[in-house]
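Peer 1: Give the three-dimensional model of this entry:
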Amino acid sequence: MGFRTETILIKPAFDISNADLLKQLGITEFESSGQIPFEDADSETGKSGVYIGKFNNCTILIGLDFTDDFLETEPKGIEKKIFDLQPDSEVLAIVNNEFDNSYIYSYSVNGIKKRLKAGNAENLWLDYGDILEEEKANYKNLKPDENNNQVYEWIVFKRNGEIHSVNEATHDQVGGEMGFRLCKKLTGVWYFDIENLELEHFQVQNSTTSATRTGTEKKWWTHR
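Peer 2: Numbering: from 1, shown residues only. Next up is the predicted model:
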């Protein structure tokens, strides 16, 4: 089985309780199941409900396919509700799905979408906004392979504390890795350097948002 994460980071962190935040996002029927380590909440195994925590003045939300609502060039759905609650915020949503080799990263500031990119190994589905400095710094070169597919030369990436260098990577590998790198814009650390964090786990019975979509109803499937 592959890795999958769908995570939202909001800076500054909300100063209301996790339960109140869920209510403000339109989720009214839920029950707290206690605390769970970040690495467990982030894994595919046993993922259900919503996980909420705070790290380096950021609120972290995982679960319920919230990131479906970030595939627009202006905030909609959950993303708009976040800015309605806290207009002066930075919001980053990332998806890295090794099951179908797809990725999304969406970055918005003060209610304005600055960057949105989504794709998989074969296709670039969405590419909106100006390229971020973090992207420029980590793309060495772009060239076509023998099948005229885009192949990126990647400078370096870090995983599990080890530095690796990769000469070539597929589009989804680069896109997924970029989402993890952008985490540093808000938290000060790369995604997998988040340590000693526990999230509160909520089992959810209802949601008034589009975050309940699953399977082929996921919005990014329509770009295939």
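Peer 1: hey, let's count contacts and neighbours off CA atoms from now on
Peer 2: OK.
Peer 1: Show the residue spans covered by the strands in this protein.
Peer 2: Secondary structure of the chain (DSSP state E): strands at 4-11, 30-37, 50-55, 58-63, 90-97, 102-109, 112-120, 124-129, 139-144, 150-159, 162-169, 198-204.
Peer 1: Ile94: what's it in contact with?
Peer 2: Thr5, Glu6, Thr7, Ile8, Thr67, Tyr103, Ile104, Tyr105, Ser106, Gly179, Phe180 (C-alpha atoms under 8 Å, 6 or more residues apart in numbering).
Peer 1: which pair in those spans the largest distance?
Peer 2: Spatially, the most separated pair among the contacts of Ile94 is Thr67 and Phe180, at 14.8 Å (C-alpha to C-alpha).
Peer 1: so how far is Glu74 from Phe180?
Peer 2: The gap separating Phe180 from Glu74 is 22 Å, by C-alpha to C-alpha, to the nearest Å.
Peer 1: Spatially nearest residue to Lys80, not counting backbone neighbours?
Peer 2: Using C-alpha to C-alpha, 6 or more residues apart in numbering and skipping the chain neighbours, the partner closest in space to Lys80 is Gly111 (7.4 Å).
Peer 1: who's in contact with the one you found?
Peer 2: Here Gly111 is in contact with Glu74, Pro75, Lys80, Phe83, Pro87, Asp88, Ser89 (C-alpha under 8 Å, 6+ apart).
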